[in-house]
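> Test case, fold it:
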Amino acid sequence: MPRNWAAHITDMTQSRVPRGVTAGGQFKATGRSEPSPLDGPGTFTDYDLYVALDRYTGVRTSNGDKAVLTAYRDAGWSPELLQRAHSFGLYKWSLGRPGFVEKNPDAVDRIVALEGAPAPRIGQDAVKRAVEKASPDDIRAAVTSWHSHQDVDRFQADLLVAGNPDRENAPDAERYLALIRGGVPDSTLDNKRFEQYPVEDVVAAHQVESESWKAGNLLRRGWTAADVTTYGKGVVRMWAENRDELRSSNLTPQDARTWARVAGSKFTPALAAEMQSAGVTPEEAKAQRQANPKWSGAQVASSLMHAPVSEHIAKKVSSEMLTRVAANPRLLSAVDTAWTPHEGIKNEDVECIERLVADGTVDPKLIGSASRSGIPFAQMRPDHFESPMRMWNAGAEGREAFDAPHRDEWIRRGRRGGRLVWPWTADDFLAD
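Below is the predicted model of the structure:
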C-alpha cells in the first residue's frame, strides 16, 4: 500500500510543547523563551518560583527536591523578591545553599524593606554585607531617609552604620560618607583596623596606594595627609618605610621629589641628603647606578663621594655605615682586616673600631689580629695590641663564649660528628 508521505511529514513537523509552555517546541529551529515569573499580574505559581530559583540562585528543584521549593515558598520568598536580592548582589554566595532559608529567617524581611531603594554601586560589597547584618527596621529607616535626601552615598553610609554589629563603638554615618566620597575601596569601609586613623589620612593613604593592605602599612608607619600633600604621592610611595628618616633629613620637599623621580629607589633619604650635601646631583647618582647595576645604593654613594669600595667591604657593613667607612681611610683599612664569627660587622662594632683607630695609636691592620684572638670589638683597648700573646690571652673569654654552646650541643648528640670550634689555635695565631 503506498505511503501517504504528506501526512507523514505533517506528523514529523508537529512540535512537542512541554506542559506550561505556551509557545515553542523542542524541534523548533529558533530558541523558545521561558515565561518570566514577573510577567503579568496575579499570584505566582510553584513553577514561577522554580524558574526564579534556578535563574537567580542556581538552585535546581527539577530532580525531585521539592523540599527546597517548599521551604522558599513557605518562608515568603517570591520571584520578585529573589530578583530584587539578585539585583542588589545580596546573598550572592549563600542564597542557594542548602539550609539558607532555615538559617536566615529574616532575610525576606530585609529584602522587603529594600523596596524603592537605590542599588549599591559596583564594587560596594561592604554595603551588601551591611544589609545582610542590619535589621529590617534599620534598613527601612535608611530607605525612608533616602527618599528625602536622594543621596546614594549617604544612603550607603546609613546602611554601613546599620550593619555594624558594634553599634555603640561603630563610626558614624558622616565618617562612612567621607570615606565613600573619598574613593576608599570597599575592603576598607568596614575594616576595623582603619577606624583609629583620621578620615583624611585614610583617604590620602589610598590615593598613594590603591590596595588596602598597602595603604594600611603607610598609616601604621605614620604617614599623614599633610605628608602626602607636602612630598607628593611618588615620594611617599617610594620611601614608604623611611618616613622618619625623610623628615629628619635636610631634603626639601622639592629635593625629595627630584631624587625620587631621577635617582630611583636604591637611595634612602639619608643617602640622598648626604650625597646632595657632598655636591652630588641626582643625575650623577642615576648614571653611576646604571653603570653598576649590582651595586647597592650605599656603594654608589660611596664611589661618588669618596672612592669605590670593594664587594668584600660592602658585605661586611650595613648600607647606612658604608659611606662612613669609605670616608675614613684608617677605618676602611681596619674593617677590611676585621673578622667576626658571624656574618657582617654590627654598626656599634664599626663605631668601636672607629674610636680605636681614630687617634693613630692603634694600627688599623692589627684590628684583624685582635678580632681573630676572640676579643669582642667593644672590649678592645690600646694595651691589648702591645704583643700577640697579650692579645691572645685577652680573647680567652670571647673564645669560650663562642665554643661553649657548640661544645654542649656536640656532647648532647653523644659526641657524634664534628663540632664547630674557634678557627685558630694559639700556635696558629702566634705563628701569624
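> check contacts around the spatially closest residue to K266 that is not a sequence neighbour.
In space, and not counting its chain neighbours, K266 is closest to G297: 3.7 Å by Cβ to Cβ, 6 or more residues apart in numbering. In this view, the C-beta of every residue, glycine as well, is placed from N, C-alpha and C. Each residue near G297 by Cβ atoms under 8 Å, 6 or more residues apart in numbering is listed here: K266, F267, T268, L271, R289, S319.
> In helices, which of those fall?
L271, R289, S319 (DSSP state H).
> what would those look like in CSV with neighbour count, pLDDT and distance to S303?
Below are the ones in helices among the contacts of G297 laid out as CSV (neighbours: other Cβ atoms under 10 Å; pLDDT from 0 to 100; distance: Cβ to Cβ, whole Å):
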residue, neighbour count, pLDDT, distance to S303
L271, 27, 90, 12
R289, 20, 88, 10
S319, 18, 79, 13
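> And the average pLDDT for the helix ranked longest in the chain is what?
What stands out as the longest helix in the chain, according to DSSP H, is helix 396-412. If you average the pLDDT over helix 396-412, you get 83.
> Retrieve the pLDDT associated with F194.
For F194, the pLDDT comes out at 90.
> With the one 5 residues further on instead?
pLDDT, V199: 93.
> what about it, distance to G163?
Going from V199 to G163 by Cβ to Cβ, to the nearest Å gives 19 Å.
> higher neighbour count, these two?
Neighbour count, other Cβ atoms under 10 Å: between V199 and G163, G163 has more, with 23 against 19.
> quick one: contacts for that one?
G163 is in contact with V127, R129, A130, V131, E132, K133, A134, D190, counting by Cβ under 8 Å, 6+ apart.
> same check, this time on G116
V143, H147.
> helix or strand for it, which one?
Element membership of G116, judged by DSSP states H and E, is empty: it is in no helix or strand.
> Okay, domains of the protein per the record?
Domain assignment for the chain by automatic domain parsing gives 44-113, 249-315, 328-432.
> do you know how far the residue nearest to K266 is from N242?
From G297 to N242 the distance is 12 Å (Cβ to Cβ).
> any residues in contact with both of those two?
What both G297 and N242 touch, as defined by Cβ under 8 Å, 6+ apart, is the set T268.
> Emit the ChimeraX select command for whichever of the contacts of G163 are buried.
Buried subset of those, written as a ChimeraX selection, criterion 16 or more other Cβ atoms under 10 Å:
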select :127,129,130,131,134,190
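> Give me the neighbour count for the closest residue in space to Y91 that isn't next to it in sequence.
Of all residues not flanking Y91 in the chain, A85 sits nearest, at 5.7 Å (Cβ to Cβ, 6+ apart). Using other Cβ under 10 Å, A85 has 22 other residues around it.
> three-state assignment of S94?
Three-state assignment for S94 (DSSP: H, G, I helix; E, B strand; the rest coil): coil.
> That one: what's it in contact with?
By Cβ under 8 Å, 6+ apart, the neighbours of S94 are F100, N104.
> shaky segments in the chain?
Within the chain, the ranges that satisfy pLDDT under 70 run 1-43, 59-65, 93, 121-123, 167-170, 415-420.
> Tell me how far A117 lies from A134.
A117 sits 12 Å away from A134, going by Cβ to Cβ.
> Mind listing residues that contact the helix or strand where V335 lies?
Using DSSP H and E, V335 maps to helix 329-337. With Cβ under 8 Å, 6+ apart as the test, helix 329-337 has contacts from 309-310, 312-313, 316-317, 324-326, 345, 350, 353-354, 356-358, 360, 364-365, 367-369.
> what distance separates the helix or strand just after it from the centre of its chain?
The helix or strand immediately downstream of helix 329-337 is helix 347-358, counting by DSSP H and E. Computed by Cα atoms, centre = their mean, to the nearest Å, the separation of helix 347-358 from the middle of its chain amounts to 39 Å.
> before we move on, back to that, would you reformat the ones in helices among the contacts of G297 as a markdown table and include distance to W146?
Listed next are these as a markdown table, based on distance: Cβ to Cβ, whole Å:
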| residue | distance to W146 |
| --- | --- |
| L271 | 55 |
| R289 | 56 |
| S319 | 56 |
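> Of these, just say which sits nearest to D432.
Taking Cβ to Cβ as the measure, D432 lies nearest S319 of the ones in helices among the contacts of G297, at 31.6 Å.
> For W223, see how far away the closest one is.
Relative to W223, and taking Cβ to Cβ, S319 is found at 22 Å.
> before we move on, what about A272?
Taken as Cβ to Cβ, the span from A272 to W223 is 18 Å.
> Look at those two and report which has more neighbours.
A direct count of neighbours by other Cβ under 10 Å for A272 and W223 places A272 higher, at 27 against 23.
> Could you double-check that that one lies in contact with L251?
Yes. Using Cβ atoms under 8 Å, A272 is in contact with L251, at 6.3 Å.
> Need the overlap of contacts for these two.
Counting by Cβ under 8 Å, 6+ apart, the common neighbours of A272 and L251 are W259.
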